[in-house]
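> Model the following, please.
(one chain, ligands or ions: 1)
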Amino acid sequence: MTLPNQEKIRVNQLTKVFLKHKERVMALEDINLSIKDGEFICILGPSGCGKTTLLRILAGLEKSSSGEHQINNSGTDRPLQSMVFQEQGVIPWMTVEENVSLGLRMRHAPKKLINERTKTYLRKVGLTPYAKLYPKELSGGMKQRVSIARAFANDPEILLMDEPFAALDEQNKFILQEELLSIWEETKKTVIFITHSIDEAILLSDRIFLMSSQPGTIKEEVKIDLPRPRQMTQVRSDPNTAEIFLKIWKHLQTEVQESRTKNER
Ligand SMILES: Nc1ncnc2c1ncn2[C@@H]1O[C@H](COP(=O)(O)OP(=O)(O)OP(=O)(O)O)[C@@H](O)[C@H]1O
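Now for the predicted structure:
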């Protein structure tokens with residue numbers, strides 16, 4: 001399958017079945033996606049609907065049971081994808097700058113490029129003064145900044161983010177969301193971002209994919225046409241936001257309810 005230039009990710013009829021206590025669990029069913037180069041996509045859905053499984057398949061960490069997916073490679077030696085997790089994304093025995101430069105060092109990038117890019121992304125996430133510190137000396141928010149800086153410094157074709165701000169307090173979350181948006185505006189990377197927060201998805205996304213309860217399918221797609229660059233205060237005070245929020249909430253409510261009913265059976 002060859003993708004046209006503007007298309008970055010395509011998923012065709014993808015399914016994933018796990019064996020759990022000797023029983024087959026259909027985690028994903030007939031997933032079809034087409035994501036443009038530079039799009040910011042959020043995935044929302046009830047717990048256990050297969051969001052992480054889908055991301056892990058796109059990251060090459062898990063195999064699909066059937067169907068196919070493709071990521072358009074720009075033909076350079078850039079890595080195909082980088083992943084940012086909720087927690088434990090930093091390596092404890094490496095300093096902040098060693099963590100940020102890890103991907104570049106692993107692919108033996110030229111020293112000058114490693115230094116430049118590491119400095120740039122440390123500055124962008126406000127960690128320059130902390131470059132020589134170790135993760136245990138950092139707050140949770142600072143550790144997530146390290147993960148984000150490392151992912152962008154690695155310059156992957158696509159960025160996969162699995163609830164990266166879920167463990168942070170509200171203030172830190174807002175600050176990091178805006179920092180992420182600002183870096184994304186500059187780099188225009190294709191991002192797939194999993195979240196449980198409707199507000200977060202509206203703030204960040206070009207499109208939101210709403211998933212059904214298990215087996216996970218893409219039930220609906222919501223386009224977010226709010227102007228960019230976006231700031232949290234503007235998005236919150238935009239009269240369209242409440243309407244979008246309610247539409248998504250109604251969907252999630254139904255799916256969460258369905259998921260509970262299935263689990264009680
Ligand atoms: N390695 C595995 N072996 C067996 N079952 C698995 C495995 N990984 C995931 N599952 C099952 O697949 C389903 C989807 O899990 P997944 O973690 O992808 O959901 P999720 O939507 O990311 O959930 P959450 O929002 O709670 O993080 C769940 O029923 C889960 O138990």
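
> what does the domain assignment say about the protein?
7-74+157-264, 89-156 (automatic domain parsing).

> now those in a markdown table, with distance to Met83 and mean neighbour count?
Yep, even glycine has a C-beta here, placed from its N, CA and C like the rest. Shown next, in a markdown table, are those (distance: least, C-beta to C-beta, whole Å; neighbours: other C-beta atoms under 10 Å):
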| stretch | distance to Met83 | mean neighbour count |
| --- | --- | --- |
| domain 7-74+157-264 | 5 | 17 |
| domain 89-156 | 7 | 18 |
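
> so which of these comes closest to the ligand?
domain 7-74+157-264 (3.3 Å; C-beta to the nearest ligand atom).

> what distance separates the start and the end of the closest one?
With C-alpha to C-alpha, to the nearest Å as the measure, domain 7-74+157-264 spans 41 Å from end to end.

> Mean confidence (pLDDT) on that domain, please.
Domain 7-74+157-264 carries an average pLDDT of 94.

> quick check, it touching the ligand?
Yes: Domain 7-74+157-264 lies within reach of the ligand by C-beta under 6 Å from any ligand atom, at 18, 20, 25, 27, 45, 47-53, 214.

> Which among the domains of the chain is found nearest to Leu80?
Counting by C-beta to C-beta, Leu80 lies closest to domain 7-74+157-264 out of the domains of the chain; the figure is 5.2 Å.

> Tell me how far the closest one lies from the chain's centre.
7 Å (C-alpha atoms, centre = their mean, to the nearest Å).

> circling back to that earlier point, quick one: the domains of the chain as CSV, columns for distance to Ser82 too.
Shown next, in CSV, are the domains of the chain (distance: least, C-beta to C-beta, whole Å):
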stretch, distance to Ser82
domain 7-74+157-264, 6
domain 89-156, 4
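
> Looking at the residues of domain 7-74+157-264 next to the ligand, point me to the pair that's furthest apart.
Lys20 and Gly45 (18.8 Å).

> about what we covered before: CSV for the residues of domain 7-74+157-264 next to the ligand, including secondary structure?
Shown next, in CSV, are the residues of domain 7-74+157-264 next to the ligand (DSSP: H, G, I helix; E, B strand; the rest coil):
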residue, secondary structure
Phe18, strand
Lys20, strand
Val25, strand
Ala27, strand
Gly45, coil
Ser47, coil
Gly48, coil
Cys49, coil
Gly50, coil
Lys51, helix
Thr52, helix
Thr53, helix
Gln214, coil
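
> Give me the distance between Lys250 and Ile71.
33 Å (C-beta to C-beta, to the nearest Å).

> Which residue comes closest to Arg145 once chain neighbours are left out?
The shortest distance from Arg145 to any non-neighbouring residue, by C-beta to C-beta, 6 or more residues apart in numbering, is to Val125 (4.0 Å).

> for Gly38, that is, sorry about that
Counting by C-beta to C-beta, 6+ apart, Gly38 lies nearest to Lys188, which is 4.1 Å off, once chain neighbours are set aside.

> Can I get whichever helix or strand Val235 is part of in PDB, CA atoms only?
Secondary structure from DSSP states H and E places Val235 in helix 232-237. What follows is helix 232-237 as a C-alpha-only set of coordinates in PDB (Å, rounded to 0.1, in the frame of the first residue of the first chain):
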ATOM      1  CA  MET A 232      -6.700  27.300  26.900                       C
ATOM      2  CA  THR A 233      -8.500  30.500  28.000                       C
ATOM      3  CA  GLN A 234      -9.600  31.300  24.500                       C
ATOM      4  CA  VAL A 235     -10.800  27.700  23.800                       C
ATOM      5  CA  ARG A 236     -12.700  27.600  27.100                       C
ATOM      6  CA  SER A 237     -14.500  30.900  26.400                       C
END
